[in-house]
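Peer 1: Next come a sequence and a model predicted from it.
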Amino acid sequence: MTHYTIDSNRIEIYEDYTFTEDSADNVDQYDFVYSDQSEYHFSSVFGIKIFQNDLLFKSAVIRSTGGKTEIHETSVIIESDRFLICCSDTVFCLSIPDLTLLWRTKADIATCFEIYKY
């Protein structure tokens, strides 16, 4: 699990390969589910939670097909009002603190390992 702190928001990002949409057996329930419209197995699945004053504010899960991606120092860009995250072949941009999907783009034919601010 990876933690980031922006102002009064704590962001947790972690792998959640047990998540199945519309299943009552999920360990975590999410406010939002963002994924590509694929019929294939999702190779990267990340749970994201925003905490304010140590209370869960919003949660989302993102998932994509393509090669598997890990969360590390250069796979996420955090800004004051949004963050970008590599997830398989896709880069997702979510708002802080609402976790609204601002945009997503398929950025590679296989896997996006790193993202840098230009």
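Peer 2: Done, it's in.
Peer 1: which SSE is the closest residue to Trp103 other than its chain neighbours in?
Peer 2: Once flanking residues are discounted, Trp103 sits nearest to Cys93: 4.9 Å by CB to CB, 6 or more residues apart in numbering. Heads up, the C-betas are built off the backbone N, CA and C, glycines and all. Using DSSP states H and E, Cys93 falls within strand 90-95.
Peer 1: same thing with Val33?
Peer 2: Using DSSP H and E, the element containing Val33 is strand 32-35.
Peer 1: Need the per-residue pLDDT for the residue nearest to Trp103.
Peer 2: On pLDDT, Cys93 comes in at 98.
Peer 1: and Leu102, what element?
Peer 2: If you go by DSSP H and E, Leu102 is part of strand 101-106.
Peer 1: got the angle between that strand and strand 90-95?
Peer 2: Interaxial angle, strand 101-106 versus strand 90-95 (axes from the mean of the first three to the mean of the last three CA atoms, to 10 degrees): 170 degrees.
Peer 1: Show me what strand 101-106 is packed against.
Peer 2: Applying 3 or more CB pairs under 8 Å, 6 or more residues apart in numbering; DSSP states H and E, one finds that strand 101-106 makes contact with strand 32-35, strand 90-95.
Peer 1: As a markdown table, those strands with distance to Lys58 and mean neighbour count would be great.
Peer 2: Shown next, in a markdown table, are the helices and strands packed on strand 101-106 (distance: least, CB to CB, whole Å; neighbours: other CB atoms under 10 Å):
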| stretch | distance to Lys58 | mean neighbour count |
| --- | --- | --- |
| strand 32-35 | 8 | 16 |
| strand 90-95 | 9 | 20 |
